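Peer 1: following is a predicted model, sequence given first.
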Amino acid sequence: MNARYLMTLLAGVAIGAIAVQGLHAQGAKLKAYSVSESEVLDATAQAAYLAAARKAQEAHGHTLRTAAGRVVQIEGGPPPKSVGIVEWDSLDDAVAFYKSKAWGDLAAQRDKAVKVAQRYVVEVEK
C-alpha cells in the first residue's frame, strides 16, 4: 500500500511540474527583431539621425548598430543600401515603440537622412 501511495504521489508531482512548465511557456514572450531597409540620402543628416534614433531605441530596446554595416547579397534581388536591426524583448514592445511619440518625433529628421524602403518586425521562435 505504501509503494502504491508513493507512486501515485510521484506521478502527481511529475504531472504538476509539467503543467506548471507549460503555463510558464504560454506566458513567456518571444524576442523580436525589427529590420529596416533604407538608402542614405544625406550622410551628415544620417549621422545625427542615427545618434538620436539609437538613443530612443536603447531606451525601449537594444540596438545592434547595423545601419552603417556592409550588406552582402546572398540570394534574390539587389540588397538594400543600408539595414538596421534592433532586438526587442517582444513583438509588442517593438510595435509600441514604432507607434510611440519618441519615434514619431524623429520623423522629420529621418526623412532628411534616409529613404526607408521597408521596415518590419520578426518574432523569434524558441
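Peer 2: Cool, got the structure.

Peer 1: wait, K81 sits on L41?
Peer 2: No - in this structure, K81 is not within contact of L41 by Cβ atoms under 8 Å, at 10.1 Å. In this view, the C-beta of every residue, glycine as well, is placed from N, C-alpha and C.

Peer 1: which one is T63 nearest to, not counting chain neighbours?
Peer 2: Q57 (4.6 Å; Cβ to Cβ, 6 or more residues apart in numbering).

Peer 1: state the pLDDT value of the one you found.
Peer 2: We have a pLDDT of 91 for Q57.

Peer 1: with the one 4 residues further on instead?
Peer 2: On the pLDDT scale, G61 is placed at 79.

Peer 1: can you get me a residue count around it?
Peer 2: 19 (other Cβ atoms under 10 Å).

Peer 1: in the chain, where is pLDDT below threshold?
Peer 2: Where the chain drops to pLDDT under 70, the residues are 1-27.

Peer 1: which residues in it form helices?
Peer 2: 2-27, 43-60, 91-98, 101-104, 107-113 (DSSP state H).

Peer 1: any idea how far the most centrally placed residue in the chain lies from D93?
Peer 2: What sits nearest the mean C-alpha location of the chain, by Cα atoms, centre = their mean, is Y33, with 2.6 Å. Y33 sits 11 Å away from D93, taking Cβ to Cβ, to the nearest Å as the criterion.

Peer 1: next, count neighbours for K55.
Peer 2: Counted with other Cβ under 10 Å, K55 comes out at 12.

Peer 1: how near is it to T66?
Peer 2: With Cβ to Cβ as the criterion, K55 and T66 are 16 Å apart.

Peer 1: got it, and A56?
Peer 2: Counting by Cβ to Cβ - A56 and T66 are separated by 16 Å.

Peer 1: who has more neighbours out of these two?
Peer 2: Neighbour count, other Cβ under 10 Å: between A56 and T66, A56 has more, with 18 against 15.
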